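> Quick one, what's the 3D model for this:
(chains A, B and C)
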Amino acid sequence: MAQVWSDDRLFPPDPTERGLARELYAVVRGLPIISPHGHVDPRLLARDEPFGDPAELLVIPDHYVTRMLRSAGVELDRLGLGPAAGEVAHREVWRTLATHWHWFRGTPSRLWLEHTLHEVFGIHDELGAENADALYDRIGELLATPAFRPRALFERFGIEVLATTEGADDSLEHHRALAASPWGIEHRVISTFRPDAVVDLDRPGWRRDVDRLGELTGEDTGSYAGYVAALRSRREYFRRHGTTATDHGHPTAGTYELSRRQAETLFERARRGAVDADDAELFRGHMLMELAGMSVDDGLVMQLHAGSLRNYDPAVFARFGPDVGADIPMATDFVHGLRPLLNRFGADPSFTFIVFTLDESTVARELAPLAGHYPAMRLGPPWWFFDSPDGIRRFREATTETAGFRNTVGFNDDTRAFPSIAARHDVARRCDCAYLAALVARHRLSLEDAAEVAIDLAYRLPKEAYRL
Amino acid sequence: MAQVWSDDRLFPPDPTERGLARELYAVVRGLPIISPHGHVDPRLLARDEPFGDPAELLVIPDHYVTRMLRSAGVELDRLGLGPAAGEVAHREVWRTLATHWHWFRGTPSRLWLEHTLHEVFGIHDELGAENADALYDRIGELLATPAFRPRALFERFGIEVLATTEGADDSLEHHRALAASPWGIEHRVISTFRPDAVVDLDRPGWRRDVDRLGELTGEDTGSYAGYVAALRSRREYFRRHGTTATDHGHPTAGTYELSRRQAETLFERARRGAVDADDAELFRGHMLMELAGMSVDDGLVMQLHAGSLRNYDPAVFARFGPDVGADIPMATDFVHGLRPLLNRFGADPSFTFIVFTLDESTVARELAPLAGHYPAMRLGPPWWFFDSPDGIRRFREATTETAGFRNTVGFNDDTRAFPSIAARHDVARRCDCAYLAALVARHRLSLEDAAEVAIDLAYRLPKEAYRL
Amino acid sequence: MAQVWSDDRLFPPDPTERGLARELYAVVRGLPIISPHGHVDPRLLARDEPFGDPAELLVIPDHYVTRMLRSAGVELDRLGLGPAAGEVAHREVWRTLATHWHWFRGTPSRLWLEHTLHEVFGIHDELGAENADALYDRIGELLATPAFRPRALFERFGIEVLATTEGADDSLEHHRALAASPWGIEHRVISTFRPDAVVDLDRPGWRRDVDRLGELTGEDTGSYAGYVAALRSRREYFRRHGTTATDHGHPTAGTYELSRRQAETLFERARRGAVDADDAELFRGHMLMELAGMSVDDGLVMQLHAGSLRNYDPAVFARFGPDVGADIPMATDFVHGLRPLLNRFGADPSFTFIVFTLDESTVARELAPLAGHYPAMRLGPPWWFFDSPDGIRRFREATTETAGFRNTVGFNDDTRAFPSIAARHDVARRCDCAYLAALVARHRLSLEDAAEVAIDLAYRLPKEAYRL
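Below you'll find the predicted structure:
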């Protein structure tokens, strides 16, 4: 069945509001994409090899999709994940998606996938059991053509900057290769410095990773001073290769003022493996302070993603590893957690601090009032489960009245799924325009101002906030 | 004054959305009612005697109504509750409702009562001081006629299954009487197994109730092993009489992995009366694990209603007993609370676990992500204070994008007020159709898909989830 | 650029809803203003001197405005605040507002300021860098004319009662001067008794303030008994000068049942300066009980504003003092916190208890169910960050279904910014009418009932609840 793919999608039905939303969207739909935070594999663009098959592209790496299929009773093994991945035919994985397509009704995953099918692949039939094979073949054919290689899609999507995310020990080999290539000189692909693995004492590999940090930098990471110097050194390495931001994924928003001596003691105990969960919390929170200080010095924008309880399901984690849908949000206290950091660095004009939450109850209560006071603080866009039409609307409704638009930073696609980047930005732009149209229709904003805000959200604010 | 009783009630005014809502509602309005969770007294249907007077039917047993009247300053004694119940004329109770009718503006109670007056009794005048007596008499006359007996209303409402709720010691005499009657063979009225009284060490009668459990089952409930065996035995008794689900009302969502030895010790101390609030919490949470294990074995669907602080007002509790409006919701931590249970049973294909909350901040943050990962877990509909037009809308907006529709289970009326069953299901169907119409109007769902979802929510999902 | 200043502002665009909103607003737009809680300086009205310049009137004292400017990177020193206030030209402060006008897009501050410019000053140009000086001059000229003196604006705004807020040691000299003046006899300006400074042991000046309380009342505030007597005495003093309510700003909603002996011990330790934060919490919560008891006796309505973490930013506090935008909301537990107070006084017919929150997640979960049970309890309107179009809508959506309208108390402008009083009440009336129109359009309320509710919210409920 051919599907209606309306150009009014995500716009409200009221004729006044819809008209305004269309007008605003016309202003921003063609703007370049700024993608300042995400998880695309830089190798894709460095090598520019064809993508794999449709399941490899659209199902297997997308934990939004595999999570929902698991909740429907499909074991992750059947989706080409985990140790038995090789035993599952990818065509079967695709068929499983097709036969469970109704589970995705009303979800952003379906919206993004439909956008991708329509706009990227020109497929206007609705996915279902009966055409799963035909679509699998059709997409597969397209993926084999030059127009569907990563760089071609990058250009077609109109991406101006794409930031990937790498650990502190990453060699940035793909970014360096890109930078040295003619395509890479004309197109901007940068990394984000994410040192969680060497900051979080709870991670099993922490000691090994800290050793490796020493090797990479020539610093003695057996001591706290050497460890800090090594982190500075790696930041500098990233910065020299184009990085403008760091990112920190922490279970809580806790930051703590430790003395140098306390930090050293903790670090030494950690080197001996003699730390518990409280120590790890304290050290993470102390290191946020330390890293914020480095940001003040080197100008890297600091991002904090707080409030996810990682690897909630030990059986899934043991078999399938991290990031496979068993991370669950939890209540987060930003108001007490961030106080030390904000009071030390929040008014520093050389500091930018972008905060993300998975606890929507904190947005109007804590985050918007904080961002509306501290010059350094900005509100990251709705993250993960809240990167969705209703999530975006609620975010704007919870932030605008207290923090305005300029304390926010536009959109992050935050995706591993390269072909969905355009879809995600399009959904965000449409939702922001719908929100602005509602304000204009209620005379809370003039149409001229709304158009300025639309451009801010789609383009100017991410560029400014991330110093791109 | 005659009231306008529009067939467009609860639908949005925008012509596009309203048209879609009408279309969707037309698909579901005539579907049979599945009522898988509620508190109707089974004696009503077993005996099929006429209902009492209007106050007895519509005011006195409805704690939504008496609660609001109390907040308006009407003492519960004046409403025919408590030890002085016999001293209050029911006509006076009805008049009190009528003179306080304006207190209910905008509430679901008023919506349900109006629906009941219009649709059940054919009364199209608005209740007020001036016609209170006339309406009292009119309803009284109707209730004396055969068409208003419980079974006649059951049939008129189109109820396919009605589940009541009984304690572990219940004899199910009314269910058995029904099952043996010609009417009961053609109409399905089943019980739900709710063992709170013998699971919650905090209840004053716990020891007595556990003794009684022993007598009923022939097990030695002086020992933990016998207690567990007795619970299994009672579940089997319920199951044999048609029960498909259990229900558990707990103050928290805590579940705990205790060793057999720890559980035995707690139980033995409880038998001696030597337990405190922490012990009770631990034991309740341990028993949820134990009972979930039994569900895996016997196939009874498990429901958890967590987060109500019962009997908040000791004076009201002392004089009027439980369930009279002094239960207050509180912040609830599902993410840590349910972790042991979900990780032990959440992927078991023979387990279904339906969770209800009174803390809306947990829905998008915790419950939808959990239901969107664990195959066994489903989200119960908006409960109690949130069984309302805005509550239903917020529930869908908080769940759909993360968990979809199929991780929810349609509607529960959860009512003691038998004549309002049709009203409550009608409100829920209209609200769901309005929500779906909003999605369709924004091209987030096709009309065909929306119609499928409407049928799922009104009929298929409750039937499947509750294994009816 | 001339700005469109629509008389449909804040109304929904749907023609049905908009028509209903207009109809309802027509009923209430001309009603007198009841302003039962705010922070206007009574000297303004007692002296009736001309207001200062536009910056002094509209920017410097408005912490909503200065907070946002600070978040934009403008140091508070540049806004005429703090020790260097005298060094900044007020015209420069006004220009700073003008050049940052875009930061306020979508905020209630901008809405109120625009309303004030249009409706109070007749200025229909949009503020911007190019006309900042011209508008500064124009407003300055108007402020020098008799029509813009405080009393003239009071009359023009149609204020029937204005309540200011004073500390327990206030002499009420301005209220007394007003009461003795011909204008004051015809216009009602009363105080609200706010004893936080002598109740909160955490405040540095507590001992000094308690001494002063003793001097004022002739009671021996060195003892707990004398302290309590002094509070009673000051309440009586306020009451005799027209006060009908008290107000209490506490970080938590904690109330505690202490024995007389425990309270005395705490008080004695506090007199010696030997208390910590836990003691202060306990004493504040105990004093709420004590003060509620006094309310039962003297009939003063009790207000509680709970959940603000005051002076979050020590550097801002040290330089600029309290109330300059560094107060941040935090999660608040009303359900456990208020239990002692509600169970002792909540059913007392001579008690009225109005509760405000900055934690929206508590509104539907805790506050509406509590207000829907305890006759004494009422819900204060959306406070501070939530006094905004979306805040008001969410408040109604979170309260109406459980507590109805009559457990709320209409609107509080809560402002220091005298010229914005009319704007704030107008915004609230429009938002309430828009909400009611949405209910009517969905047949959840008749238009007649909605008109009654609109009058209740705009006029009757505040008057009744505050006993005016």
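
> In three-state terms, label A:F356 for me.
strand (DSSP: H, G, I helix; E, B strand; the rest coil).

> dump the residue contacts of it.
By CB atoms under 8 Å, 6 or more residues apart in numbering or on different chains, A:F356 lies in contact with A:Q303, A:L304, A:H305, A:A306, A:G380, A:P381, A:W383. For glycine as for every other residue, the C-beta is placed from the backbone atoms N, C-alpha and C.

> Flag every residue of the stretch 1-150 of chain A that's near chain B.
Contact residues (CB under 8 Å from any CB of the partner chain) of the stretch 1-150 of chain A with chain B: A:3-4, A:6, A:8-14, A:67-68, A:70-73, A:102-108, A:111, A:126.

> hmm, which of those residues are the buried ones?
A:3, A:9-14, A:67-68, A:70-72, A:102-108, A:111, A:126 (16 or more other CB atoms under 10 Å in any protein chain shown).

> Which residue ranges of the stretch 301-450 of chain A form strands?
A:301-306, A:308-309, A:328-329, A:353-357, A:377-379 (DSSP state E, counting those that start in this stretch).

> Let me know which of those strands is tucked in deepest.
Counting by mean count of other CB atoms under 10 Å in any protein chain shown, strand A:328-329 has the highest mean neighbour count of these, with a mean of 27.

> Touching that strand from outside, list them.
Residues contacting strand A:328-329 (CB under 8 Å, 6+ apart): A:307-309, A:312, A:358-359, A:384-385, B:335, B:365-366, B:369-370, B:373.

> Please repeat the previous calculation with a cut-off of 10 Å.
Strand A:328-329 has contacts (CB atoms under 10 Å, 6 or more residues apart in numbering or on different chains) with A:306-313, A:357-360, A:383-386, B:334-336, B:338-339, B:342, B:362, B:364-370, B:372-373, B:402.

> again with stretch A:256-265
For stretch A:256-265, using CB under 10 Å, 6+ apart, the contacting residues are A:223-225, A:227-228, A:266, A:279, A:281-290, A:337, A:339-341, A:343-344.

> starting at the chain centroid, how far to that stretch?
Centroid separation for stretch A:256-265 versus its chain: 31 Å, with CA atoms, centre = their mean, to the nearest Å.

> Which positions in that stretch come out as buried?
For stretch A:256-265, by 16+ other CB under 10 Å, it's A:Y256, A:L258, A:A263, A:E264.

> same thing with stretch A:341-355?
In stretch A:341-355, counting by 16+ other CB under 10 Å, buried: A:341-348, A:351-355.

> Are that stretch and chain C in contact anywhere?
Yes: Stretch A:341-355 comes into contact with chain C (CB under 10 Å from any CB of the partner chain), by way of A:L342, A:N343, A:R344, A:G346, A:A347, A:P349.

> Taking those residues, tell me the two that lie furthest apart.
A:N343 and A:P349 (15.6 Å; CB to CB).

> any idea of the mean pLDDT for stretch A:109-121?
Across stretch A:109-121, pLDDT averages out at 96.

> now the end-to-end length of that stretch.
17 Å (CA to CA, to the nearest Å).

> for that stretch, the distance to its chain's centre please.
Relative to its chain's centre, stretch A:109-121 lies at 19 Å (CA atoms, centre = their mean).
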